[in-house]
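Colleague: got a predicted structure here, sequence first:
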Amino acid sequence: MATYRVLVSDPISEKGVDALRTAPEIQVDVNTGLKPDELLAIIGDYHGLVVRSQTKVTPEVFAAAKNLKAIGRAGVGVDNIDRNAATDHGVVVMNTPSGNTISTAEHAFTLMLSLARNIPQAHATVIAGKWDRKSFEGVEMNGKRLAILGMGRIGTEFAKRAQAFGMHVVAYDPFLTAARAQGLKVELAETADLALAGADVVTLHIPLTDETNHILNKARLSSMNKGALVVNCARGGLVDEAAAKELLDSGHLAGIALDVYEVEPPPADHPLFAAKKAVFTPHLGASTAEAQENVGIEVAYQLKDFLVSGEIRNAVNMPNLDAKTLESVGPYLNLATALGKLLAKIGPGQVDALRVSYLGPVSELDTQLVTRTVLTGYLSGAHHEAQVNLVNAPAVAKALGLQITESTVAIATNWTELIEVSAVKGGETFTVAGTFFGNAPRIVHILGHNVETNTSGQFLFVENDDRPGVVGLLGSSLGTAGVNIANMSLSRNKSLSRAVTVIEVDSEPPVSLLETLRATPGILRVLSFGL
Ligand SMILES: NC(=O)C1=CN([C@@H]2O[C@H](COP(=O)(O)OP(=O)(O)OC[C@H]3O[C@@H](n4cnc5c(N)ncnc54)[C@H](O)[C@@H]3O)[C@@H](O)[C@H]2O)C=CC1
Ligand SMILES: O=C(O)CCC(=O)C(=O)O
């Protein structure tokens, strides 16, 4: 019986679908071409969703996707998935960043050459029975100045091909360092404006975001040389199509080649279709047998490994957690979750900040991940309405105004390894801490008291005046109520004349017992909770 249901809502390679089907835990439904309301009607049944670029995963889809845990994008661009809504709903979004790099670079390069040599127009005349050798004079790419915006995977591959054709490559990418530009033998532009000024050709290889929308605007297009060519095989919306049309009509731009459009599919009367020198393809950059097999198989394994074993690879909205990391940090994550939950149960409400500190070997690990796990444990212990997980915990904390910081261990300790978690409220700090006894995680500090208890199970936490008879009363009351004690840890604070007792119990104590204990003189606080 399958535990997880996965919907493949855009066509991916058969090998990808087969790879998903190899997991007995997963039931796969391939249902492509769904209308938005059809997707809304069925998405609630699914734990995983596989898309390419056709399916639009909107906030409405997330609101209806009550069981959804992960989306796998068989490709690079995730602009068809509302990332903020995914994060808010705790859904991991993964893409397959490298599987279609070469195919897309080759397609963009093909667009550039076809544009330079009027291939589609010449082809059309030949098959129409004409032999017109005058109308289609092209331009060489050799010696031309090529501006590349975006020197990630595809931009870099494009650059290599352009260099082989004798082009002078100038690249702009906010993450391109001088050393890397030198290694790639490209001229580094400090801004997009500088890359485009005086360029003969521009090709775009950047994601579409609010910041990059219309990055190729009228001013930048106008700053290119007269007769310049524009190639966009990244995303529609990066080029201001209206501005491009104006500059094609004025003759400043010689031609344009597009694989992607502001609206897909573009309308039949799209103004740019009237351009004399132009090449258009229907978002085919990644449409090769090789690329589709790569991304289909990659996305299938990523989704399967996430659903079945919790591994996270190529996530765009949270840190990765591969099998190796999961193995090394796994025990720490269990301790971190327990400490976060414990603090939520015994600390005050409405805290200002959570402070997480590490001592010993744990501090060598990816503590960002451990800290995020503490936060997730804390919020899932305290914040009952929202389903909090590793994906949305930072967003939930931000919405609550809860700060999370890492600092150094503050409690006096002889432990050689420790995770300490403090809730800070006003000037007060409430601290819990845990360590390992061999491989076993243990809680060793609660609110100023050194204790020694398990990290999972059912607990009774009692704060009382440090005086004779209280422990005996606790034991006998639990016994009378039929609640078996599995472990008991007692800690006194002599200076305050206070004691804390943490009792692991085999079953949840009845409410009547808790009320009786709370009404007992000398007992200051009684909490019953599970970790
Ligand atoms: N037509 C198609 O079928 C395909 C289109 N794509 C598109 O190509 C884009 C690039 O893909 P990859 O190279 O694999 O991604 P990548 O992540 O390897 O590279 C993107 C680069 O753009 C840079 N960048 C971001 N903002 C920028 C800005 N304002 N100016 C200049 N550079 C900026 C980044 O620093 C990064 O280096 C994807 O986002 C996707 O939209 C990808 C595959 C297929
Ligand atoms: O799925 C496709 O064919 C589109 C590929 C694409 O645009 C991408 O990977 O960003």
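Modeller: It's in. Ligands and ions are numbered 1, 2, ... in the order given.

Colleague: give me the number of residues near the closest residue to ligand 2 within the chain?
Modeller: Proximity of the chain to ligand 2 (Cβ to the nearest ligand atom) peaks at Gly75, 2.5 Å away. Where C-beta positions appear, they are placed from N, C-alpha and C, glycine not excepted. Gly75: 26 surrounding residues under other Cβ atoms under 10 Å.

Colleague: list the buried residues in the helix ranked longest in the chain.
Modeller: As assigned by DSSP state H, the longest helix anywhere in the chain is helix 323-346. By neighbour count on 16 or more other Cβ atoms under 10 Å, the buried set for helix 323-346 is 325-326, 329, 332-346.

Colleague: helices or strands up against it?
Modeller: On a contact count with 3 or more Cβ pairs under 8 Å, 6 or more residues apart in numbering; DSSP states H and E, helix 323-346 meets helix 289-309, helix 367-382, strand 418-425, strand 428-437, strand 440-446, strand 523-530.

Colleague: ok so, going back, is the residue of the chain closest to ligand 2 in a helix, a strand, or coil?
Modeller: coil (DSSP: H, G, I helix; E, B strand; the rest coil).

Colleague: looking at it, it is touching Arg52, isn't it?
Modeller: Yes. Here Gly75 reaches Arg52: they are 5.6 Å apart, a contact under Cβ atoms under 8 Å.

Colleague: what's the closest non-adjacent residue to Phe306?
Modeller: Ala70 (5.0 Å; Cβ to Cβ, 6 or more residues apart in numbering).

Colleague: so what touches the host helix or strand of Met94?
Modeller: When elements are assigned from DSSP states H and E, Met94 belongs to strand 92-95. Residues outside strand 92-95 that contact it (Cβ atoms under 8 Å, 6 or more residues apart in numbering): 69-73, 75-78, 81, 83, 86, 299, 302-303, 306, 312-318, 391.

Colleague: recalculate using a threshold of 6 Å.
Modeller: The contact list for strand 92-95, computed with Cβ atoms under 6 Å, 6 or more residues apart in numbering, reads 70-73, 76, 78, 81, 86, 302, 314-317, 391.

Colleague: and the chain, what are its domains?
Modeller: Using automatic domain parsing, the domain ranges for the chain come out as 4-99+291-309, 101-280, 320-452, 457-531.

Colleague: so who does Thr203 touch?
Modeller: Applying Cβ under 6 Å, 6+ apart, the residues near Thr203 are 108, 148, 158, 231.

Colleague: Gly401: which of those residues is nearest?
Modeller: Among these, Ile148 lies closest to Gly401 (Cβ to Cβ), at 42.4 Å.

Colleague: which one of the helices and strands packed on helix 323-346 lies closest to ligand 1?
Modeller: Closest among the helices and strands packed on helix 323-346, using Cβ to the nearest ligand atom: helix 289-309, at 7.9 Å.

Colleague: helices and strands around the closest one, which ones?
Modeller: helix 14-21, strand 48-51, strand 70-73 (3 or more Cβ pairs under 6 Å, 6 or more residues apart in numbering; DSSP states H and E).

Colleague: can you lay out the ones you listed as TSV showing mean pLDDT, mean neighbour count and distance to Asn31?
Modeller: Below are the helices and strands packed on helix 289-309 laid out as TSV (pLDDT from 0 to 100; neighbours: other Cβ atoms under 10 Å; distance: least, Cβ to Cβ, whole Å):
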stretch	mean pLDDT	mean neighbour count	distance to Asn31
helix 14-21	96	18	12
strand 48-51	98	27	11
strand 70-73	98	28	15
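
Colleague: may I see these organised as a markdown table, with distance to Ser456 added?
Modeller: Below are these laid out as a markdown table (distance: least, Cβ to Cβ, whole Å):
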| stretch | distance to Ser456 |
| --- | --- |
| helix 14-21 | 32 |
| strand 48-51 | 28 |
| strand 70-73 | 26 |
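
Colleague: as CSV, the ones you listed with distance to ligand 2 would be great.
Modeller: CSV is the format used below for those (distance: least, Cβ to the nearest ligand atom, whole Å):
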stretch, distance to ligand 2
helix 14-21, 12
strand 48-51, 8
strand 70-73, 7
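
Colleague: any shared contact partners between Gly75 and Arg52?
Modeller: The contact sets of Gly75 and Arg52 do not overlap (Cβ under 6 Å, 6+ apart).

Colleague: so Asn450 is in which element?
Modeller: For Asn450, the element it lies in under DSSP H and E is strand 449-453.

Colleague: bridging residues for Glu446?
Modeller: Just so we're on the same page, residue 446 is Ile rather than Glu. Val432, His449 (DSSP bridges).

Colleague: neighbours of it, how many?
Modeller: Neighbours of Ile446 using other Cβ under 10 Å come to 25.

Colleague: ok, now the one 5 residues further on?
Modeller: The burial metric for Val451, expressed as a neighbour count using other Cβ under 10 Å, is 20.

Colleague: kindly report the same for the one 3 residues further on.
Modeller: When counting by other Cβ under 10 Å, one arrives at 17 neighbours for Asn454.

Colleague: test my guess that Ala23 contacts Leu303.
Modeller: No. Look at Ala23 against Leu303 with Cβ atoms under 6 Å: they stay out of range, at 9.4 Å.

Colleague: looking at the two, which is more packed in?
Modeller: Remark: of Ala23 and Leu303, Leu303 carries more neighbours, 31 against 20, as counted by other Cβ under 10 Å.

Colleague: quick one: residues contacting Val230.
Modeller: 202, 256.

Colleague: taking the stretch 201-350 of the chain, what residue is nearest to ligand 1?
Modeller: Counting by Cβ to the nearest ligand atom, the stretch 201-350 of the chain gets nearest ligand 1 through Gly285, at 2.6 Å.

Colleague: in which helix or strand would I find the closest residue to that residue other than its chain neighbours?
Modeller: Nearest residue to Gly285, sequence neighbours excluded (Cβ to Cβ, 6+ apart): Thr104, at 3.9 Å. Element membership of Thr104 [criterion: DSSP H and E] is helix 101-116.

Colleague: that helix and ligand 2, any residue contact?
Modeller: No. Applying Cβ under 6 Å from any ligand atom, one finds helix 101-116 out of contact with ligand 2, separated by at least 7.1 Å.

Colleague: picking up where we left off before, please convert the helices and strands packed on helix 323-346 to a markdown table, extending it with distance to ligand 1 and mean pLDDT.
Modeller: As requested, the helices and strands packed on helix 323-346 are exported to a markdown table (distance: least, Cβ to the nearest ligand atom, whole Å; pLDDT from 0 to 100):
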| stretch | distance to ligand 1 | mean pLDDT |
| --- | --- | --- |
| helix 289-309 | 8 | 97 |
| helix 367-382 | 21 | 92 |
| strand 418-425 | 34 | 96 |
| strand 428-437 | 39 | 95 |
| strand 440-446 | 38 | 95 |
| strand 523-530 | 43 | 94 |
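
Colleague: wait, which of those is closest to Val91?
Modeller: helix 289-309 (10.8 Å).

Colleague: the closest one close to ligand 2?
Modeller: No. Counting by Cβ under 6 Å from any ligand atom, ligand 2 is not contacted by helix 289-309; separation bottoms out at 7.1 Å.

Colleague: pLDDT score for the nearest residue to Ala189 once chain neighbours are set aside?
Modeller: Once flanking residues are discounted, Ala189 sits nearest to Ala195: 3.6 Å by Cβ to Cβ, 6+ apart. Predicted confidence (pLDDT) for Ala195: 98.

Colleague: what about the strands in the stretch 101-250 of the chain?
Modeller: With strands called from DSSP state E, counting those that start in this stretch, the stretch 101-250 of the chain shows them at 145-149, 168-172, 187-188, 201-204, 228-232.

Colleague: can I get the ones you listed in TSV with distance to ligand 2 and mean pLDDT?
Modeller: Listed next are the strands of the stretch 101-250 of the chain as TSV, based on distance: least, Cβ to the nearest ligand atom, whole Å; pLDDT from 0 to 100:
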stretch	distance to ligand 2	mean pLDDT
strand 145-149	16	98
strand 168-172	20	98
strand 187-188	25	97
strand 201-204	12	98
strand 228-232	12	98
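
Colleague: number of residues surrounding the closest residue to Gly48 other than its chain neighbours?
Modeller: Distances taken as Cβ to Cβ, 6+ apart place Val6 nearest to Gly48, at 3.8 Å, with adjacent residues excluded. Applying other Cβ under 10 Å, we find 25 residues neighbouring Val6.
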